[in-house]
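Chemist: Quick one: sequence and predicted model below, then my questions.
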Amino acid sequence: MAYQGEDTIFALSTGLGRAAIAVMRVSGAGSEALLKKLIGSLPEARCAALRRVWQDAETRNNLLDEALVLWFPGPRSYTGEDGFELHLHAGPAVIKAVAEALVEGGARPAEAGEFTRRAFMNGRMDLVEAEGVADLVEAETESQRKLALAQTDGALSRLYQNWADRLKRVLAHQEALIDFPDEDLPPEVEQSLLDEIHALIAAMQTHIQEGDRGERIRRGVVFAITGPPNAGKSSLLNWLADRDAAIVSPIAGTTRDAIEISGILAGVRVTFVDTAGLRETEDAIEAEGVKRALFHVKQADCVLQMFAAGDAPQEVFPASVLIGNKTDLGPVPQAVQGHRVMPVSLETGQGLDQLKAMLEQKVEALTASSASGAPLLTRARHKAGVKEACACLEGALQQDWPEMRGEELRLAMRALGRLTGHVGVEDLLDAVFGQFCIGK
Ligand SMILES: Nc1nc2c(c(=O)[nH]1)N(C=O)[C@@H](CNc1ccc(C(=O)N[C@@H](CCC(=O)O)C(=O)O)cc1)CN2
Ligand SMILES: Nc1nc2c(ncn2[C@@H]2O[C@H](COP(=O)(O)OP(=O)(O)OP(=O)(O)O)[C@@H](O)[C@H]2O)c(=O)[nH]1
Ligand SMILES: [Mg+2]
C-alpha cells in the first residue's frame, strides 16, 4: 500500500531572492481538494495549464496570481502521492499570500527533505538515490554534479543491490548445507560458496579503498600548507586565492590561526589551509598554532610542504609535495630524500605555472574514477555500511559451524539492506533527510 503522509505539505522549491518565477510545491492526500479550492477544477494530469489562483475559487474571493499549474496524481508522481505545483510570479507578497491560502486550506510547511522522504517511503527511490538528490541540489562543481547524477540514477544502488542478490544466493546455498547436512551435496557447493564470499569481500575492499575519491569529490580535496616560519606559506595561499587572504610579513611566526580558502581546480572543489610555521617556541599562542598546524597536516588529503632556498627540510611528511620557494634568492635542491622538489618564487612568479599544473594533476589523481568503472561511494555512511558488511563476511569465513556462518551472512545482508534503506532504517531517516534543503 502506498504510504500517504498524514499531512498535506507545501514548500517554495525555488530559491529566495530576486527571480522571475517561484515554484510552490504541494504533496499529500489533501492535494486534490486544495488545488480545486485554489483554481476551481483540476487541469489535465502532468500538463501545464495557465490558471487564475484564488484564495477561494468557488466564491472568486481574492485573486492571488495568474500561474502555470501542474497536477501530479499519485502514485506515479515524484513523491508517490497526489501533488501539484504552482509556478508563480516570484514576488514575496505573491508567495506569502499563496502560502497563507495553502495553510487556510489545511496544508502545512514541509520540513527539510520531506518531499524526497515521502518518495523514499513510497519506494520511488532508495536511500542512496535520495542522498544523490540532496547532493545534486548542492553540487557546485562539474565533478560533484556527475557523481550525484549517477547516484540519483541508481548506479551506486545497483552495485549494492547486486552484492545483496549475490549474498542472497550464498545464503540459500548455506541454508541447503544446514538443512541437508547428511545428504550427498557435492563438495563443490561449499567451495563455490566460499569462493563467492571471497569475491564479495574483494569487491567491497576495493570499493572502500577507492571510496576516498568519491568522498573527496563530494566534500572537496583538502591541501594543508606547512613548513618552517617564513618559508612563504601565506604568500602561496594568497597567490592561490588571488587576494590578500593571509598576512604576509618578514617576521617569523606571523600566521597562528589556520586560514582556509576554497576554490575550484580541475572541476573539483578544493580547500587550501595555511598554517602556522613549524618550530619550537616559548610563545603559548604560537605553540597552539603549531599544534593546530600539525592537526591540519594529519587531516589533509595532500600536504604542500614548503621551504625557502637554503633551508631544505630534515623530514618529508607522508602524502606531501615539496615546494622549494625563493628561487630568486638562491638555488633549491632538485629532490629531498628522493622526493622531487617544485622550485618556485612567489616573489618573481617563477615556477608558478608548473606548480598550478602539478596541483591540477594531484587533484585529478586524488579524485580519479574507479579503475573498474564501478561507481564510487560518496559518504561516510556508505563506507561504514560496506565495512560492516565486509566484516561480517570475513566473520563468516572464520566460522566452521554452518549455522554460525549463516548468521554472519544474514548480518552482512542486513548491513547492505540498511545502506539502501530496504531494512531497519527508521532511526536513520531523520539524519539522512535532515541534511536536505527545504522544498526537496
Ligand atoms: N518543476 C519541476 N522541475 C523539476 C522537478 C520537479 O519536481 N518540478 N524535479 C524534481 O525533483 C526534477 C525532475 N525530476 C522529476 C522526477 C520525477 C518526476 C515524476 O515522477 N513525474 C511525473 C511522472 C513522470 C512520468 O512518468 O510521466 C509525475 O509527477 O506524475 C518529476 C520530476 C527537476 N526539475
Ligand atoms: N625573496 C623572496 N621573498 C619571499 C618569497 N616568498 C615570500 N617571501 C617573503 O618571505 C616573508 C615570509 O613570507 P610569508 O608568506 O609570510 O611566510 P610564512 O611561511 O607564511 O611565514 P609564517 O606565517 O611566519 O610561518 C615575507 O616577507 C615574504 O614577502 C620569494 O619567493 N622570494
Ligand atoms: Mg604565514
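Modeler: Right, received. Where do you want to start? Ligands and ions are numbered 1, 2, ... in the order given.
Chemist: who touches residue 110 in this structure?
Modeler: By C-beta atoms under 8 Å, 6 or more residues apart in numbering, the contact set of residue 110 is 9, 10, 11, 25, 27, 438, 439. Where you see a C-beta, it was placed from the backbone N, CA and C, and this is true even at glycine.
Chemist: Adding pLDDT and neighbour count, write those residues out as CSV.
Modeler: Formatted as CSV, the contacts of residue 110 follow (pLDDT from 0 to 100; neighbours: other C-beta atoms under 10 Å):
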residue, pLDDT, neighbour count
9, 98, 24
10, 98, 27
11, 97, 23
25, 98, 22
27, 97, 29
438, 73, 14
439, 74, 21
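Chemist: show me which of those residues neighbour ligand 2.
Modeler: Among the contacts of residue 110, none lies close to ligand 2 by the criterion of C-beta under 6 Å from any ligand atom.
Chemist: ok, those residues vs ligand 2, which is closest?
Modeler: Set against ligand 2, the nearest of these by C-beta to the nearest ligand atom is residue 438 (41.6 Å).
Chemist: Phi first, then psi, for residue 258.
Modeler: Dihedral pair for residue 258: phi -70, psi 130, per degrees, to the nearest 10.
Chemist: With the one 4 residues further on instead?
Modeler: Per-residue torsions, residue 262: phi -130, psi 150 (degrees, to the nearest 10).
Chemist: Any chance of the backbone angles for the residue nearest to it when sequence neighbours are not counted?
Modeler: Nearest residue to residue 262 in three dimensions, chain neighbours excluded: residue 271, at 4.8 Å (C-beta to C-beta, 6 or more residues apart in numbering). Backbone geometry at residue 271, expressed as degrees, to the nearest 10, gives phi -130, psi 130.
Chemist: mind listing what residue 271 touches?
Modeler: Contact analysis of residue 271 by C-beta under 8 Å, 6+ apart lists 220, 221, 222, 223, 260, 261, 262.
Chemist: If we use 6 Å, what do you get?
Modeler: When contacts are counted by C-beta atoms under 6 Å, 6 or more residues apart in numbering, residue 271 touches 220, 222, 260, 262.
Chemist: I'd like to know which of the contacts of residue 110 is nearest to residue 371.
Modeler: Proximity of the contacts of residue 110 to residue 371 (C-beta to C-beta) peaks at residue 439, which lies at 38.3 Å.
Chemist: For the top helix by length along the chain, buried residues please.
Modeler: Ranked by residue count, the top helix of the chain under DSSP state H comes out as helix 187-219. Across helix 187-219, burial judged by 16 or more other C-beta atoms under 10 Å covers 190, 193, 196-197, 200-201, 203-204, 207-208, 210-211, 213-218.
Chemist: follow-up on the earlier one: pipe the contacts of residue 110 into JSON lines and attach secondary structure and distance to residue 100 per row.
Modeler: Listed next are these as JSON lines, based on DSSP: H, G, I helix; E, B strand; the rest coil; distance: C-beta to C-beta, whole Å:
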{"residue": "9", "secondary structure": "strand", "distance to residue 100": "15"}
{"residue": "10", "secondary structure": "strand", "distance to residue 100": "11"}
{"residue": "11", "secondary structure": "strand", "distance to residue 100": "14"}
{"residue": "25", "secondary structure": "strand", "distance to residue 100": "16"}
{"residue": "27", "secondary structure": "strand", "distance to residue 100": "19"}
{"residue": "438", "secondary structure": "coil", "distance to residue 100": "17"}
{"residue": "439", "secondary structure": "coil", "distance to residue 100": "18"}
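Chemist: what residues go with each domain of this structure?
Modeler: Using the TED database, the domain ranges for the chain come out as 9-110, 132-216+379-425, 222-367.
Chemist: what separates residue 201 from residue 372, distance-wise?
Modeler: Counting by C-beta to C-beta, to the nearest Å, the gap from residue 201 to residue 372 is 15 Å.
Chemist: One more: residue 348?
Modeler: 45 Å.
Chemist: what does residue 23 give?
Modeler: The gap separating residue 23 from residue 372 is 40 Å, by C-beta to C-beta.
Chemist: Those two: which is more packed in?
Modeler: For residue 23 versus residue 372, neighbours defined as other C-beta atoms under 10 Å are more numerous around residue 23 (17 against 10).
Chemist: ok, the strand or helix carrying that one near ligand 1 or not?
Modeler: For residue 23, the host element (DSSP states H and E) is strand 21-27. Yes. On the criterion C-beta under 6 Å from any ligand atom, strand 21-27 is in touch with ligand 1 at residue 23.
Chemist: Contacts for the helix or strand just after that strand next, please.
Modeler: Under the assignment DSSP H and E, the closest C-terminal helix or strand after strand 21-27 is helix 31-39. With contact meaning C-beta under 6 Å, 6+ apart, helix 31-39 is reached by 8, 51, 53, 57, 69, 82, 83, 84, 105.
Chemist: ok, now stretch 68-76?
Modeler: With C-beta under 6 Å, 6+ apart as the criterion, stretch 68-76 contacts 2, 39, 42-43, 45, 48-51, 80-87.
Chemist: centre of the chain versus that stretch, how much separation?
Modeler: Taking C-alpha atoms, centre = their mean, to the nearest Å, one finds stretch 68-76 lying 30 Å from the centre of the chain it belongs to.
Chemist: for stretch 131-146, same thing?
Modeler: For stretch 131-146, the distance to the chain centre is 7 Å (C-alpha atoms, centre = their mean).
Chemist: Report the separation between the two terminal residues of it.
Modeler: From its first residue to its last, stretch 131-146 covers 14 Å (C-alpha to C-alpha, to the nearest Å).
Chemist: Which positions within that stretch qualify as buried?
Modeler: Of the residues in stretch 131-146, those buried (16+ other C-beta under 10 Å) are 131, 132, 133, 134, 135, 136, 139, 141, 143, 144, 145.
Chemist: right, is it up against ligand 1?
Modeler: No. Stretch 131-146 is not in contact with ligand 1 by C-beta under 6 Å from any ligand atom; minimum separation 6.7 Å.
Chemist: Going forward, count from 11.
Modeler: OK, 11 is where the count begins now, so the last one is stretch 141-156.
Chemist: Could you pull up the mean pLDDT of that stretch?
Modeler: Across stretch 141-156, pLDDT averages out at 96.
Chemist: residues making contact with that stretch?
Modeler: 126, 158-159, 161-162, 227, 274, 277-279, 445-446, 450.
Chemist: got it, and stretch 177-190?
Modeler: With C-beta under 6 Å, 6+ apart, stretch 177-190 has contacts from 199, 203, 206, 412, 413, 416, 419, 423.
Chemist: Only alpha carbons, please: show it as CSV.
Modeler: Output in CSV follows, covering the C-alpha atoms of stretch 177-190 (Å, rounded to 0.1, in the frame of the first residue of the first chain):
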residue,chain,number,x,y,z
LEU,A,177,24.7,-12.7,-1.0
LYS,A,178,21.2,-14.0,-1.0
ARG,A,179,22.2,-16.8,-3.3
VAL,A,180,25.2,-17.6,-1.0
LEU,A,181,22.8,-17.7,1.9
ALA,A,182,20.4,-20.1,0.1
HIS,A,183,23.3,-22.5,-0.6
GLN,A,184,24.5,-22.1,3.0
GLU,A,185,21.0,-23.0,4.2
ALA,A,186,20.9,-26.1,2.0
LEU,A,187,24.1,-27.2,3.8
ILE,A,188,22.4,-26.6,7.1
ASP,A,189,19.2,-28.4,6.2
PHE,A,190,20.7,-31.3,4.4
